[in-house]
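# Below are the sequence and a predicted model; questions follow.
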Amino acid sequence: MPFGNTHNNFKLNYKVEEEFPDLSKHNNHMAKVLTKDIYAKLRDKQTPSGYTLDDVIQTGVDNPGHPFIMTVGCVAGDEESYEVFKDLLDPIISDRHGGYKPTDKHKTDLNFENLKGGDDLDPNYVLSSRVRTGRSIKGLTLPPHNSRGERRLIEKLSVEALTSLDGEFKGKYYPLKSMTDAEQEQLISDHFLFDKPVSPLLTCAGMARDWPDGRGIWHNDNKTFLVWVNEEDHLRVISMQQGGNMREVFKRFCTGLLKIEEIFKKHNHGFMWNEHLGYILTCPSNLGTGLRGGVHVKLPKLSTHAKFEEILTRLRLQKRGTGGVDTASVGGVFDISNADRLGSSEVEQVQLVVDGVKLMVEMEKKLEKGEAIDSMIPAQK
Amino acid sequence: MANSFTRVMSGRNTAVVLASIGASTLASGYLLSDSTAAADRKRLYPPSADFPDLRKHNNCMAAALTPKIYARLRDQTTPSNWTVDQCIQTGVDNPGHPFIKTVGMVAGDEESYEVFAELFDPVIKDRHNGYDPRTMKHPTDLDASKITSGMFDERYVLSSRVRTGRSIRGLSLPPACTRSERREVERVVVTALSGLKGDLAGRYYSLGDMSDREQQQLIDEHFLFDKPVSPLLTSAGMARDWPDARGIWHNNEKNFLIWINEEDHTRIISMEKGGNMKRVFERFCRGLKQVEQLIQERGWEFMWNERLGYILTCPSNLGTGLRAGVHIRLPILSRDPRFKKILDNLRLQKRGTGGVDTAATGDTFDISNLDRLGKSEVELVQLLIDGINYLIECEKRLERGQDIKIPSPVAQHV
């Protein structure tokens, strides 16, 4: 949990060697990058809101990671964290985002018309389509660090913005702490409800403090556009529907997001964004677009093919189980989504999903007919 | 002592000495004054904006905390810059259970109990049956020779155990400690323990460096403690940096055991199979006194004061921090509807054989003293002994078809 600048000043009484964490058994991006020199340089710094280096890295110290899975191992407490702790975060960002340099610029493109195709994914294979991203409200600290007062303000601003939406975006807010049992069950069966984080990656970063205060779910009446308030980020925005019409999902996603952003701007609260890192979110892995666009798709034959992983890598896609991150696939159905977040735009990332999934469905059909797919394997995108 | 610790210690010791006299006016001296931006945030969000929503909560902190108290305490800090929000976080995150009333707050350092006395004192009073830290004194008595009738009938009592905790004065407690403080606790204690001789001589096993074989051995002996999973502890930040500077020490005879940097700086345990509680307590007192002497030789001491006795992380463990108990078979009595009332009146508590928050297996229970503060170690162990002997008497009478009586309640402070 966040200690803040005052406790940090007390720690400065102790030498670097005495305070430096033992990372000998660790396998995460933070542990690979942090040296005693970097620690010495940054340990007496703090962001204007009082977030410190030890706050940034606590989750990575507490969670050594997995020999096969490389987690990020650090979080931001506010927008300024990415500046004040540049010496640590820039190399981590580079490692995580394919060599992205401190001088690189990130493209934002939420013009859904730039997407080609995406409305014809075969619904016999593609069961559902979804696009999500996150947004942070400028001027307020992030979930690892915010106080109850700030979190409640984030909720208030978000609810005001969301309840002013109309048309296909007209909807309702369900605060977690006053949800009725009936509402809760409905949200669970709609697959909308998010729970108190149990992952130690999140709890060690202090994101579950004061649960469920200030947390809630908003969704439109059509149940195709959904916003999570104060979970891992200020806002998580989700557009989803059954079937393979990713184009429609993305159109709604962009339209809704831009409407929400407009409302926030009118009240002098923009979103955190800059031209180097794109949209600023809690976890460095979600910088840039913060976008994960994906489908649940039936690929029983392709998924057991020797080249499945390679195909995914070349298509710049990632597989997950149908329960989301860190779950296993059920019945040959996979969650396939874009692997990239930073360095390419929203349109580009969703394009990769649309094109890649289309190709994989064709491969699946070929394999069903007993034909080989070697000639279809794409070059690295 | 490392130089940085000497420097820090001398400043804190003064504060602690003043604090232990009960100078709660000290609180006004430690207003949050650091960064201006953090101060701005405090202004933008008055205490009322930050006051936690405790309407669904059932813990001692939630019962005691009012908006007025919060407003007075929110911007105070202890000398190591620990705040009331950090003390109460665990109670905010864990609303509790309708039947079980948890404490809902922890101390980050010795001074927490002074600086935040306005909140800690009512919580202490609530938890410790009306003990008023403002007016009462806590007696400490580790003279095991005073114990009588401390040998239980081993047809009923399977094992006997006494545990307590001790904190090293001048170093922050597990919710707040920095990595270097935690490592210093480990160094201080392990060095002291290496000076133990005779039946108390033993060795240290660091959690991080343990071999698989050592680990399995310690598990089989029921000595190994694990990274806390209870959200009561994790929400208070006690599992940070695990397993850095955590470990287990035990003597060669395997009946005197010390946990380092789990929920407290140290947990000291004396245990053995069978019913010789007097011997268990005698070893406990002897070991504790020797460890205290060994740390004093190097200029350290335990956190203790007259109002609160031994200072530990959780207010529920203040005073003696002592839990003396047995694993006991009471097949007939445990099914008697009067069992609970008998335990209550004897000031005893039952737990399952896996410890706190576990269920009993078969007819075997863990029965221990309920109280920690306001009575001395000798008094509490004698109460436990008298109580267990009474329970065994009841079991025997029920075996013979005779009736039993609910004893009159043991006297309390209010």
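Arrived safely.

# ok, now how distant is A:Pro143 from A:Asn230?
As defined by C-beta to C-beta, to the nearest Å, A:Pro143 lies at a distance of 7 Å from A:Asn230. Just so you know, the C-beta spots here come from the backbone N, C-alpha and C atoms, and that holds for glycine as well.

# what residues are shared contacts of these two?
Here A:Pro143 and A:Asn230 share the contacting residues A:Arg151, scored by C-beta atoms under 8 Å, 6 or more residues apart in numbering or on different chains.

# Show me which of the two is the more surrounded one.
Legend: neighbour count by other C-beta atoms under 10 Å in any protein chain shown for A:Pro143 and A:Asn230, higher for A:Pro143 (29 against 25).

# Report the beta-bridge partners for B:Asn276.
Beta bridges link B:Asn276 to B:Met151 when assigned by DSSP bridges.

# Which residues of chain A lie near chain B?
A:1, A:3-11, A:13-15, A:18-22, A:25, A:46, A:48-50, A:58, A:61-62, A:147-150, A:152-153, A:177, A:203-204, A:208-211, A:213 (C-beta under 8 Å from any C-beta of the partner chain).

# buried subset of those?
By neighbour count, with 16 or more other C-beta atoms under 10 Å in any protein chain shown, the residues of chain A next to chain B hold A:1, A:3-11, A:13-14, A:18-22, A:46, A:48-50, A:58, A:61-62, A:147-150, A:152-153, A:203-204, A:208-211, A:213 as buried.

# show me where the stretch 1-150 of chain A has helices.
A:4-11, A:16-19, A:29-33, A:36-42, A:53-62, A:81-84, A:86-96, A:148-163 (DSSP state H, counting those that start in this stretch).

# longest single helix anywhere in chain B?
helix B:377-399 (DSSP state H).

# Just name whatever secondary elements that helix is in contact with.
For helix B:377-399, the packing partners by 3 or more C-beta pairs under 8 Å, 6 or more residues apart in numbering or on different chains; DSSP states H and E come out as strand B:157-166, helix B:277-297, strand B:323-329, helix B:339-345, strand B:348-351, strand B:364-369.

# Now render these as a markdown table, adding distance to chain A and mean neighbour count.
Formatted as a markdown table, these follow (distance: least, C-beta to the nearest C-beta, whole Å; neighbours: other C-beta atoms under 10 Å in any protein chain shown):
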| stretch | distance to chain A | mean neighbour count |
| --- | --- | --- |
| strand B:157-166 | 22 | 23 |
| helix B:277-297 | 20 | 19 |
| strand B:323-329 | 28 | 23 |
| helix B:339-345 | 32 | 16 |
| strand B:348-351 | 26 | 18 |
| strand B:364-369 | 29 | 22 |
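
# So what's the predicted local confidence for the closest residue to A:Ile263 other than its chain neighbours?
Nearest non-adjacent residue to A:Ile263, counting by C-beta to C-beta, 6 or more residues apart in numbering or on different chains: A:Ala161, 4.2 Å away. Predicted confidence (pLDDT) for A:Ala161: 93.

# From what I see, A:Ala161 and A:Glu262 are in contact.
No - in this structure, A:Ala161 is not within contact of A:Glu262 by C-beta atoms under 8 Å, at 9.0 Å.

# Compare neighbour counts for these two and give me the winner.
When A:Ala161 and A:Glu262 are compared for neighbours, A:Ala161 comes out ahead with 22 against 10, by other C-beta under 10 Å.

# Can you name the helix or strand that the residue of the stretch 251-381 of chain A found nearest chain B falls in?
Across the stretch 251-381 of chain A, the shortest distance to chain B (C-beta to the nearest C-beta) belongs to A:His269, at 13.9 Å. Assigned by DSSP states H and E, A:His269 falls within no helix or strand.

# Could you double-check that it sits in contact with A:Arg135?
No - taking contacts as C-beta under 8 Å, A:His269 lies outside contact range of A:Arg135: 10.7 Å.
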